[in-house]
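Undergrad: sequence and predicted model, in that order:
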Amino acid sequence: MSSGSTCSVVGCSNSSNKIRHFMEAECYTHKVTRRECLCPPPYSLHFMPASRRLEWLAALRLKYPPKKVYVCSHHFVNKRPTDEHPNPELFLGYERPVQKKRRTIVRGETLAVAEEVSQEGEGVPEESHRTVATQWEDPSLWDHSYARSQGVDTPIQNHVMTDAATQSGDFSHFMLQSDTDAYLYTGLPLDTFNTLVSTLERFRNGTLTLSVRDQILMTIMKLKLNRVLGDLSRQFHVSQSVASRIITHWIDKMEEGLRPLIVWLPRETIKATMPASFQKFFPNTTCVIDCSESMLQKPKNLDSRGESYSHYYSHNTIKYLVGIAPCGLIMFISSAYGGRASDKYITMNSGILDYLRPGDEVMADRGFLIRDILFERRVNLVLPAFTRGGGQLTEEQVTSTRRIANVRIHVERAIRRLKVYKILSQVVPINMSPKMDKILRICAALANLRNDLIR
């Protein structure tokens, strides 16, 4: 609601105070105050005449009009009220076409008016007035020369770009032009994405009109960029309900199709692909494990809120276990647990113990108090040394801890590859929590499709 000598148009903040400050400032051209130079003020305020009160209020659409209604010159066609355009018509805060006044014809002058109209028609047509909704350029940039350059995108150019993607029938071909584009939207090289699409072609849903390539790209973009459905639906020119159906369908099918990419390697393969950093000090290592957490939107259910609360992050989270081979391949990823679950509880219930064989060696962090569990299976546990009772580490323990940290960092790098997909690095929406087990496996499989982690 406006009052005083402020423009009453919704969204306009021009006022007499701004004019006063403008006039008191120094003119950059004449080096004197603007009151003393000939430079006109940027706008002027016009008081509502009593004879046009109803027309002005109808044009302004003010729910609670002020006692004194002022309108600045920006909202008049001729920069001030005139006989042809006495009411404000431009930039009124809503879409409103300019009402062109019909020409009045006086009897006896019909022929002269007709000749005048024909002469006007032979020349350059008069430019029609444009409202905020129809203008092609930003009026705030008209004071600068670069605003009129050819590099400014217009709605017509954007429409042509959209038509090019629509006519090709595939938005993904328009969006993925190089490996850089593919890494941005999918986290994969372009050739790898094309191979992935051809592999998942058999899971096509015949009821969806969008191409399989576009559907898979939309789903991976949801995982990679964590965009909202409204953004994705506009980018692919479908409704939000169709975008939701596409993502739900392909999360299920991608998890089924990519499941073979997360495989527990045989001991011989692990030995053959072991990097030199492991061969020197830890040649018997079978896997390196660690837990990670992702923020979760606070559930409304109090029991779920308590089970997912993490004291480490002071936030509701989901927690999962990741196991990698010494070569950096993700061999195991658990289901999603509440942030309250401990590392030991997840290790015991995730199913990773079923893959371990007598003689294997597992490397973990200090928080994994599972030595007694692994001892029953005759599996060795390698942990960094930690002090008990406040004592200091010996020189041998310090050296061993540094060697373990030097190779255990690779599991942190694998988790960082997982969290390239922002669905895991940002706050997980509560409506996505039922799909998190499958999302974790999909992200792990996509991370395995990238280049070698350890070279």
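TA: Cool, the structure landed. Residues are numbered from 1 along each chain as shown.
Undergrad: test my guess that residue 294 contacts residue 317.
TA: Yes. Assessed by Cβ atoms under 8 Å, residue 294 is found in contact with residue 317 at 6.2 Å. Glycine gets a C-beta too; all of them are placed from N, C-alpha and C.
Undergrad: so which residues of the stretch 51-200 of the chain form helices?
TA: 53-60, 110-122, 155-168, 171-175, 179-185, 190-200 (DSSP state H, counting those that start in this stretch).
Undergrad: what does the fifth one contact?
TA: It refers to helix 179-185. Counting contacts by Cβ atoms under 8 Å, 6 or more residues apart in numbering, the residues outside helix 179-185 that touch it are 175, 176, 188, 189, 190, 192, 193, 217, 220, 221, 224, 225.
Undergrad: quick one, phi/psi of the fourth one?
TA: For residue 189, the backbone dihedrals are phi -70, psi 160 (criterion: degrees, to the nearest 10).
Undergrad: and it, how far is that from residue 180?
TA: Computed as Cβ to Cβ, to the nearest Å, the residue 189 to residue 180 distance reads 10 Å.
Undergrad: likewise residue 380?
TA: In terms of Cβ to Cβ, residue 380 sits 44 Å off from residue 180.
Undergrad: the more surrounded of these two?
TA: When residue 380 and residue 180 are compared for neighbours, residue 380 comes out ahead with 16 against 11, by other Cβ atoms under 10 Å.
Undergrad: ok, the more buried one - contacts?
TA: The contact partners of residue 380, taken as Cβ under 8 Å, 6+ apart, are 284, 360, 361, 362, 374.
Undergrad: quick check: the second one vs residue 331, distance?
TA: Taking Cβ to Cβ as the measure, residue 360 and residue 331 are separated by 12 Å.
Undergrad: anything in contact with each of these two?
TA: When contacts are counted by Cβ under 8 Å, 6+ apart, residue 360 and residue 331 are jointly contacted by residue 287.
Undergrad: those two: who's more crowded?
TA: Neighbours per residue (other Cβ under 10 Å) separate residue 360 from residue 331, with residue 331 holding more: 22 against 19.
Undergrad: what pLDDT does the more buried one get?
TA: In the predicted model, residue 331 carries a pLDDT score of 95.
Undergrad: element containing it?
TA: When elements are assigned from DSSP states H and E, residue 331 belongs to strand 330-333.
Undergrad: show me the contact partners of that strand.
TA: Contacts of strand 330-333 with the rest of the structure, by Cβ under 8 Å, 6+ apart, involve 262-265, 287, 289, 320-325, 350, 352, 355, 414, 418, 440-441, 444, 447-448.
Undergrad: buried subset of the residues you listed as a PyMOL selection?
TA: For selection in PyMOL, the members of the contacts of strand 330-333 meeting the burial criterion (16 or more other Cβ atoms under 10 Å) are listed in this command:
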select buried, resi 262+264+265+287+289+320+321+322+323+324+325+350+352+414+418+440+441+444+447+448
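Undergrad: can you give me the buried ones in the helix or strand harbouring residue 306?
TA: Assignment of secondary structure by DSSP H and E places residue 306 within helix 302-307. Residues residue 304 are the ones in helix 302-307 that count as buried (16+ other Cβ under 10 Å).
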